[in-house]
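Asks: fold the following, please.
(one chain, ligands or ions: 2)
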Amino acid sequence: MLGSQVLMAVPDSIEALGTDMREAHGVDFIGVDLTDDDQVEALFREASPLHGVIHCAAYTAVDKAEEEPELAQAVNGDACGVLARAAAKAGIPIVVVSTDFVFDGKASEPYRPDDEPSPMSVYGRTKLSGEKQAIEAHPSGARIVRTQWLYGPRGGHFPGTMLKLAAERDHLMVVSDQTGSPTSTLELAPALWDVLLLGSAGIYHAACEGEASWYDLAVATIESSNNSDTQIDPCTTDEFPRPAPRPRYSVLDCSKLAELRGKTLSPWKEALLTYLGSDSE
Ligand SMILES: NC(=O)C1=CN([C@@H]2O[C@H](COP(=O)(O)OP(=O)(O)OC[C@H]3O[C@@H](n4cnc5c(N)ncnc54)[C@H](OP(=O)(O)O)[C@@H]3O)[C@@H](O)[C@H]2O)C=CC1
Ligand SMILES: Cc1cn([C@H]2C[C@H](O)[C@@H](COP(=O)(O)OP(=O)(O)O[C@H]3O[C@@H](C)C(=O)[C@@H](O)[C@H]3O)O2)c(=O)[nH]c1=O
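Replies: Numbering: from 1, shown residues only. Ligands and ions are numbered 1, 2, ... in the order given. Sure, this is the predicted structure:
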């Protein structure tokens with residue numbers, strides 16, 4: 001969703017900094033083992049990122065990760081250390097994209113970046129490992145950006161699944177007891193740039209404003225399509241069992257990012273409607 005490329009090296013020219021015309025080189029790591037220091041260093045020599053790296057690759061199949069913990073650990077955990085080490089050697093910062101699923105969801109108010117993580121799933125544990133490995137490998141340059149509930153122009157995502165299912169079925173059940181902040185990658189991408197270029201080493205939270213359940217997100221998505229009679233009913237997590245546990249509440253406190261940027265990301269519904277091409281509400 002954040003791009004099929006797994007690494008973005010930013011801009012070629014210093015003039016591009018601070019403008020809206022920032023250009024990134026997407027680098028496809030075809031055939032490169034991200035857990036191999038030599039291969040990643042060679043890739044850095046080839047791509048020669050001047051100002052930094054935004055690392056987006058991950059094993060994101062939350063349920064399947066429960067069956068493939070070693071692979072998830074290699075991709076989500078160890079690769080972050082390797083990439084951060086290469087960035088440290090190159091003397092450039094790195095942004096590592098992480099997740100709300102590092103938290104256990106037992107909180108009742110938004111999680112701050114320095115709150116203690118306690119992941120519930122293989123995906124969450126391996127992403128937390130990636131955060132730690134990146135910080136250890138590049139203490140002065142690693143910026144961790146935790147985000148959540150992403151959707152956007154590329155790749156599969158929950159609103160897309162809802163639209164597809166609504167076209168096929170006349171009834172959907174969607175969990176209403178998990179709360180987070182649906183976040184458009186169109187909102188997140190500029191924030192990642194700002195953290196890379198203006199931020200300092202450490203952990204940031206980045207999500208659209210406001211909170212919602214998956215049910216709320218499904219309803220808002222289907223309503224905006226204006227051509228669906230599909231009935232959507234709320235259900236509990238227990239009524240929609242999945243292999244990986246998810247946090248019940250994982251809203252992120254994004255005030256540190258807002259201070260850095262002088263603004264918040266847009267409210268989640270506004271961003272959703274913009275993405276869906278309808279701002280008529
Ligand atoms: N989706 C979400 O809701 C959220 C995502 N995030 C984080 O944001 C980042 C981007 O997520 P998203 O855009 O959803 O991810 P996607 O699953 O859409 O894309 C992940 C990318 O990683 C690549 N990748 C997977 N395994 C490997 C590997 N072994 N070696 C090289 N590349 C690999 C994939 O390549 P290929 O296409 O070839 O498989 C794909 O391009 C991730 O770090 C994720 O953890 C954080 C919070 C929420
Ligand atoms: C398809 C479907 C899902 N659900 C539920 C299951 C689950 O609790 C919730 C979301 O399901 P998904 O599997 O689409 O999303 P999920 O993989 O849980 O999404 C997570 O992805 C990772 C990568 C992250 O980092 C998280 O921030 C988060 O976005 O919706 C329903 O209730 N009804 C449905 O018809």
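Asks: all contacts plus neighbour counts: C-alpha atoms, from now on.
Replies: Fine.
Asks: which positions in the stretch 101-250 of the chain make contact with ligand 2?
Replies: Within the stretch 101-250 of the chain, the residues that sit near ligand 2 (C-alpha under 6 Å from any ligand atom) are 101, 148, 149, 150, 158, 172, 173, 174, 175, 214, 240.
Asks: which one of those residues has the most neighbours?
Replies: Highest neighbour count within those, by other C-alpha atoms under 10 Å: residue 101, with 28 neighbours.
Asks: you'd agree that residue is up against residue 245?
Replies: No - Residue 101 is not in contact with residue 245 according to C-alpha atoms under 8 Å; the separation is 9.6 Å.
Asks: now the common contact residues for the two.
Replies: Shared contacts of residue 101 and residue 245, defined by C-alpha atoms under 8 Å, 6 or more residues apart in numbering, comprise 120, 121.
Asks: about what we covered before: what's the most distant pair in the residues of the stretch 101-250 of the chain next to ligand 2?
Replies: The largest separation in these, counting by C-alpha to C-alpha, is between 101 and 172 at 24.6 Å.
Asks: any low-confidence regions in the stretch 51-200 of the chain?
Replies: Applying pLDDT under 70 to the stretch 51-200 of the chain flags no residue at all.
Asks: which parts of it sit against ligand 1?
Replies: Residues of the stretch 51-200 of the chain that fall close to ligand 1, judged by C-alpha under 6 Å from any ligand atom: 56-60, 75, 97-99, 147-150, 155.
Asks: of those residues, which belong to strands?
Replies: Counting by DSSP state E, the part of these found in strands is 97, 98, 99, 147, 150.
Asks: quick one, which of those are buried?
Replies: The neighbour-count test (16 or more other C-alpha atoms under 10 Å) marks 97, 98, 99, 147, 150 as buried among those.
Asks: you'd agree the third one is up against residue 144?
Replies: No - applying C-alpha under 8 Å as the test, residue 99 and residue 144 come out as separate, 9.5 Å apart.
Asks: what's the overlap in contacts for those two?
Replies: Taking C-alpha under 8 Å, 6+ apart as the contact criterion, no residue touches both residue 99 and residue 144.
Asks: any idea how far ligand 1 is from residue 84?
Replies: Separation of residue 84 from ligand 1 (C-alpha to the nearest ligand atom, to the nearest Å) stands at 14 Å.
Asks: phi, psi of the residue lying closest to that residue once chain neighbours are set aside?
Replies: Distances taken as C-alpha to C-alpha, 6 or more residues apart in numbering put residue 134 closest to residue 84, at 5.2 Å, once the chain neighbours are dropped. Note on residue 134: its backbone torsions stand at phi -70, psi -40 [degrees, to the nearest 10].
Asks: what's near enough to touch residue 134?
Replies: By C-alpha under 8 Å, 6+ apart, the contact set of residue 134 is 80, 81, 82, 83, 84, 85, 96, 142.
Asks: ok but the first one is inside a helix, no?
Replies: Spelled out, it's residue 80. Yes - counting by DSSP: H, G, I helix; E, B strand; the rest coil, residue 80 falls inside a helix.
Asks: I'd say it and residue 128 touch.
Replies: No - taking contacts as C-alpha under 8 Å, residue 80 lies outside contact range of residue 128: 10.3 Å.
Asks: neighbour-wise, which of these two wins?
Replies: Each of residue 80 and residue 128 has its neighbours counted (other C-alpha under 10 Å); residue 80 has more, 32 against 24.
Asks: now do the same contact list for the more buried one.
Replies: Applying C-alpha under 8 Å, 6+ apart, we find residue 80 in contact with 55, 96, 130, 131, 133, 134.
Asks: distance to residue 33 added to these, as JSON lines?
Replies: Formatted as JSON lines, the contacts of residue 80 follow (distance: C-alpha to C-alpha, whole Å):
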{"residue": "55", "distance to residue 33": "14"}
{"residue": "96", "distance to residue 33": "17"}
{"residue": "130", "distance to residue 33": "16"}
{"residue": "131", "distance to residue 33": "19"}
{"residue": "133", "distance to residue 33": "17"}
{"residue": "134", "distance to residue 33": "17"}
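Asks: now residue 274: how far from ligand 1?
Replies: For residue 274, the distance to ligand 1 - C-alpha to the nearest ligand atom - is 18 Å.
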